[in-house]
Structures are given as structure tokens and as C-alpha cells.
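Asks: here's a sequence, model it:
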Amino acid sequence: MRMYLDTETTDYYHFELGWDHPRQPACAQVAAVLETDGGKIVAAVSAVLRQDRWTTRADRVRIDPRITELCGITDQLVDSCGQPPQSVYNMLRRMWSSSTMMVGHNIPFDVGIISRMAMDLGEPQPVLPEIYCTMVESRQLVGIPGRQGGLKNPKLAEAYHWATGKRMQGAHDALADVYGCRHVYRAIQRAGGRPEG
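Replies: Have a look, this model is predicted:
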């Protein structure tokens, strides 16, 4: 089985720092879909997370206004509709424990956020399945020239357009991104890209 994953954070991520650095943001939204090798969805989760329920963070985490502009997640939404991070994490853990591969667009980023989520909950670091990055695996197929030569890593919306011929709707919502990534993964497989396993 495959698990597709996407995360959104409370602030911009500091790529120059490790995922466990104190300045890194918390997970604000997470979505995942678990499907069989034949493509049947057997589990799905999408949740905005409460920011006052982290075990190892002393204060409630606020949503940066730039994230609100990008993703539409507000402090008010978090407070009124946010789900307990521990409950959501437990669901995710059951999903990745059933999967042989975790797929995402820039999946190393999402794996870092899941690792950070575990740390913020006082959980041991997760043992995750093999990862498959649609951003890297679609680079040659999408074929967008880079500014300094070679090919650039396509944004999810660019890879989605290559995969479907359509404009992606709702980008930067974790669930929309998961389903977009799922389309890209399938297009890579149809094009003869690196298979699962």
C-alpha cells in the first residue's frame, strides 16, 4: 500500500536549520491518503491542528499572517476547528505502518515536519516506510528549464498541469495537495518513471 502525505506549517520553514531546531514552525495542517496497490483508497485524514496541545512547546503557537495568506489557516480557524495533534498523529502512524511507501511532492520536507510533530508531542522518532518524491521523479518529465541551466524541480501545480493538462485548484491546502500529488504519481508511472518498491 501507498500513503500520500502533505503538511502545512505555522510559519515559513527554515531550510538552513534541522527539523529539530527550536526555531522551526509547528505543523498547522496535515493530510494523508492510504491506498492499495490497485488504487483503492482505504483511509484518509485531513486536519487543521490545535496549537495549544503540543507537549514540548511551552506556548501556544500562532499562525504567521503570511501562512494565512498562502494557506487560509487562521488562529481563529485553529481555535474553533483545530483537532488534537496527538489524535491525528496516531491516525497517521496507523496509516504509515500499513504502507510500503510514503509519497509526496518534496516528501523530505513533509517527513521533517512529521518528525518535528513527533518531537513536539514527546513521541519517539517515527520509523517510516520508503519515500518517493514526485517533485524529483517528475523533473525530467515536466522539463522546465532552470535559471542556471539544467532542469528545475517543478512546483506541484506545474507537475499537476503536466500530469493532467489542467490547472490545479486549491494549492497549499494539504488535502488538495495530496490529491494533486496522487495524480502526479500516477502520471509518472504511466510515463515509465521509477516504480514503487
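
Asks: next one: stretch 128-137 to chain centre, how far?
Replies: Computed by C-alpha atoms, centre = their mean, to the nearest Å, the chain-centroid distance of stretch 128-137 equals 11 Å.

Asks: and the helix or strand of the chain with the lowest mean pLDDT, C-alpha only, in PDB?
Replies: For the chain, counting by mean pLDDT, DSSP states H and E, helix 65-71 ranks last in confidence among helices and strands (a mean of 92). Written as PDB, here are the backbone C-alpha positions of helix 65-71 (Å, rounded to 0.1, in the frame of the first residue of the first chain):
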ATOM      1  CA  PRO A  65       0.000  36.100   8.700                       C
ATOM      2  CA  ARG A  66       2.000  35.100   5.600                       C
ATOM      3  CA  ILE A  67       0.800  31.500   6.100                       C
ATOM      4  CA  THR A  68      -2.800  32.700   6.500                       C
ATOM      5  CA  GLU A  69      -2.400  34.500   3.100                       C
ATOM      6  CA  LEU A  70      -0.900  31.400   1.500                       C
ATOM      7  CA  CYS A  71      -3.000  28.600   3.000                       C
END
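
Asks: which parts of the helix or strand that that helix is followed by are buried?
Replies: Of the helices and strands lying after helix 65-71 in sequence (DSSP states H and E), the nearest is helix 75-81. Of all the residues in helix 75-81, those buried under the rule 16 or more other C-beta atoms under 10 Å are 75, 78. Any C-beta I mention is one placed from the backbone N, CA and C, and that applies to glycine too.

Asks: for helix 75-81, packing partners?
Replies: Where contact means 3 or more C-beta pairs under 8 Å, 6 or more residues apart in numbering; DSSP states H and E, helix 75-81 is packed against strand 41-48.

Asks: and the closest residue to residue 172 other than its chain neighbours, how many neighbours?
Replies: For residue 172, ignoring the flanking residues on the chain, the nearest one in space by C-beta to C-beta, 6 or more residues apart in numbering is residue 71 at 4.7 Å. Look at residue 71: counted by other C-beta atoms under 10 Å, it has 20 neighbours.
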